[in-house]
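Peer 1: The sequence and its predicted three-dimensional model are supplied below.
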Amino acid sequence: MNIIRVADAKEGGKKAFELLKESMAKGSKTLGLATGSTPLTFYKEITDSDLDFSQMTSLNLDEYVGLPASHPQSYAHFMEEHLFKAKPFKAHYLPNGLAEDLIAEAKRYDSLLEAHPIDFQILGIGRNGHIGFNEPGTPFDETTHVVDLTASTIEANSRFFANKDEVPKQAISMGIASIVSAKQIVLMAYGKDKAEAIKALVEGNKTVDLPASSLKDHPNLYVILDEEAASLLKN
Ligand code: GLP
């Protein structure tokens, strides 16, 4: 695990963008992308740059069940607003949270992942250590699946909705098995709300209680932390 300490999210976004540029220079063609407030500075670096993404393909980690792409809190909308509108990709995919048959949709997404193995995966982390929407307890060999969101995640994400009741109760998420199979992974964490999860990731054991710990022995993992997120670490 390579830990990179930064002053703030702005510097973290720049570091992650440098890693992406190196990876693209070596021939990366497929990006795994994340939503949430954490990757925003990274997307800003991309959209401010003149780097060409027209030959790149991306697959997002997850989507809420029940929200149309036009809903301001859908992850499809988030990606359009923060990245794709300014930076066209060859193709970009997200799970379809409106699919009538969600199990079939999960299978479709796994086929896409098989056709487009991820070279460079961006990740945030939930306060409870979730990655994508893989909540504590998710087996590490899980592929794309439908998730019942935990109370802690609904609470954390309610800040984006008018109230807690409007937060979808389910999501469809890429599984841990797909995430860890990415060739390179860059996880970013900013702020004191993430400090406990980061301490458990860096200093704790691999356990399904902390989904991010599945990444621990990945050969090409970078963890970018601001001071608050790193504040509980021993060194
Ligand atoms: C959501 C997303 C995750 C994200 C997490 C943290 O639940 N599904 O992919 O990492 O929230 O969000 P934030 O970056 O806003 O703290």
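Peer 2: The structure has been received and is ready for your questions.

Peer 1: For stretch 39-56, buried residues please.
Peer 2: 39-46, 53, 56 (16 or more other CB atoms under 10 Å). Glycine gets a C-beta too; all of them are placed from N, C-alpha and C.

Peer 1: Could you verify that residue 171 is part of a strand?
Peer 2: Yes: with DSSP: H, G, I helix; E, B strand; the rest coil as the criterion, residue 171 is part of a strand.

Peer 1: Number of residues surrounding it?
Peer 2: The number of residues packed near residue 171 is 26, by other CB atoms under 10 Å.

Peer 1: what's the answer for residue 159, then?
Peer 2: Using other CB under 10 Å: residue 159 sits among 9 other residues.

Peer 1: what do you get for residue 98?
Peer 2: By the criterion of other CB under 10 Å, residue 98 has 17 neighbours.

Peer 1: Check residue 169 too.
Peer 2: 12.

Peer 1: I'd like the distance between it and the ligand.
Peer 2: In this view, residue 169 and the ligand are 13 Å apart by CB to the nearest ligand atom, to the nearest Å.

Peer 1: Which residue ranges of this structure form helices?
Peer 2: Remark: helices assigned in the chain by DSSP state H are 9-25, 40-48, 75-79, 102-115, 151-157, 176-180, 195-203.

Peer 1: Those: lowest mean pLDDT?
Peer 2: Ranked by mean pLDDT, those bottom out at helix 151-157, with a mean of 90.

Peer 1: Thank you kindly, that will do.
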